[in-house]
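Student: kindly return the folded structure for what I paste below:
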Amino acid sequence: MLPGRSPRDLRRMLKRMGINLEELEDIVKVEIMGKNRKIVINDPKVFEIKMGSQCMYQIVGTPVVEPIAEEVEVSEEDVEFIVSQTGVSKEKARKALIKAGGDLAEAILLIRENKV
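Tutor: Got it, this is the predicted structure:
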């Protein structure tokens with residue numbers, strides 16, 4: 001942090017300013033959820049910083065950004081259509097429609113290619 005200062009000196013200095021810094025050793029994974037994405041940090045270093053009645057967390061690690069898939073609403077009519085065209089169970093037809101994002105043709109292809 002500051003050149004020429006040991007971590008011990010920094011902790012003492014922060015403590016004098018009313019700031020308590022502690023590393024949380026048992027954290028395995030941190031997930032931050034957004035509206036359209038999820039940030040995942042595996043094996044992070046997490047520091048808890050307490051100042052008065054407030055608490056902050058500093059997270060250090062390599063982030064992986066994952067898009068959040070939109071939930072697809074599947075109508076019973078679409079499920080019945082897939083069942084009539086492919087002869088699979090309603091459950092398998094529903095899974096194929098969800099995986100295909102509600103696209104009927106794509107769902108049929110997924111079933112025929114055994115990708116569901």
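
Student: show me how this structure divides into domains.
Tutor: Residue ranges for each domain of the chain read 7-67, 76-112, as given by automatic domain parsing.

Student: reformat those as a markdown table; add mean pLDDT and mean neighbour count.
Tutor: All C-beta spots, glycine's among them, are computed from the backbone N, C-alpha and C. Shown next, in a markdown table, are the domains of the chain (pLDDT from 0 to 100; neighbours: other CB atoms under 10 Å):
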| stretch | mean pLDDT | mean neighbour count |
| --- | --- | --- |
| domain 7-67 | 92 | 12 |
| domain 76-112 | 94 | 16 |
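
Student: if the residue nearest to the spatial centre of the chain is in a bridge, with which residues?
Tutor: Taking CA atoms, centre = their mean as the criterion, Lys38 is the residue nearest the geometric centre of the chain, at 3.9 Å. With DSSP bridges applied, Lys38 shows beta-bridge pairing to Met33, Glu66.

Student: gap between it and Glu31?
Tutor: With distances defined as CB to CB, to the nearest Å, the gap from Lys38 to Glu31 amounts to 6 Å.

Student: same deal with Val40?
Tutor: Relative to Glu31, and taking CB to CB, Val40 is found at 5 Å.
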